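*Asks:* Need a 3D model of the sequence below.
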Amino acid sequence: MGIFSRFTDIVNSNINSILDKAEDPEKMVRLIIQEMEDTLVEVRSASAKTLASKKEISSHAIKMQNEAEDWRSKAELAISKNREDLARAALQEKKKCDQHASTLLSELKAIDEQITKLQSEVGQLQDKLADAKTRQKTILLRQKTASSRLEVKRNLDSSKVDAAMGRFEQYERKIDELESQVDAYDLGKKTLVDEFAELESDDEINNELAALKKKMQSQSAASKK
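*Replies:* Model (predicted):
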């Protein structure tokens, strides 16, 4: 593939479409950037050569135009000296110079059109290159994030997580059993606090019982009267 053919393919390509079809977007965007940079270097080198050729052709065309003018002056001189034969020969040379100059000017026009088109395409390529470089970090970050999420999903869906949760439940059951054993040792044993609480409770009941008896005795005495 020639340099200009590859260059046109890159300029006309859709970076999004390329990335959508790529198995490895990170690798593909690096390749795109490298290809663009390499192509820009080659195109700029070719442009420099084209401009040098344009300068050379332009100089040659001016030379032919000057020679044509010089032959015209010689033809006029020959006519003034009544040398029609020399005038005719001079005009023939002038015609050759004019034709050569015309051909060179046509080449210059074609070269100018190519340079204008090339400059436009270089601008497009530079814009795409800037876009690719700007998005390179974003693409890399998105790929890493997606890979991390995929790994998490795989772990969540695997039996490893279920097995780990099962072990947690086993540990919880064992701790429950240990706590039950501790509670069983203390079952039926009264602490000093418990004994004082019982004494206070007994006093409350005795006081309430005495008050109740007193009330009933008062009611009975009142009834007899």
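
*Asks:* In which helix or strand does Ala221 reside?
*Replies:* Under the criterion of DSSP states H and E, Ala221 resides in helix 192-224.

*Asks:* Sorry, wrong one. I was asking about Val41.
*Replies:* helix 25-80.

*Asks:* Check which helices and strands that helix is in contact with.
*Replies:* helix 3-12, helix 15-21, helix 84-157 (3 or more C-beta pairs under 8 Å, 6 or more residues apart in numbering; DSSP states H and E). Backbone N, C-alpha and C define where each C-beta goes, glycine included.

*Asks:* Now with 6 Å, please.
*Replies:* helix 3-12, helix 84-157 (3 or more C-beta pairs under 6 Å, 6 or more residues apart in numbering; DSSP states H and E).

*Asks:* Save the ones you listed as TSV, and put in distance to Asp203, mean neighbour count and mean pLDDT too.
*Replies:* What follows is these, written out as TSV (distance: least, C-beta to C-beta, whole Å; neighbours: other C-beta atoms under 10 Å; pLDDT from 0 to 100):
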stretch	distance to Asp203	mean neighbour count	mean pLDDT
helix 3-12	100	14	51
helix 84-157	63	13	84
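
*Asks:* could I get those as JSON lines with distance to Ala210?
*Replies:* Shown next, in JSON lines, are these (distance: least, C-beta to C-beta, whole Å):
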{"stretch": "helix 3-12", "distance to Ala210": "108"}
{"stretch": "helix 84-157", "distance to Ala210": "70"}
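
*Asks:* Select, out of the ones you listed, the one closest to Ser58.
*Replies:* Ser58 sits nearest to helix 84-157 of all the helices and strands packed on helix 25-80, at 5.9 Å, using C-beta to C-beta.

*Asks:* same for the closest one, what does it pack against?
*Replies:* helix 3-12, helix 25-80.
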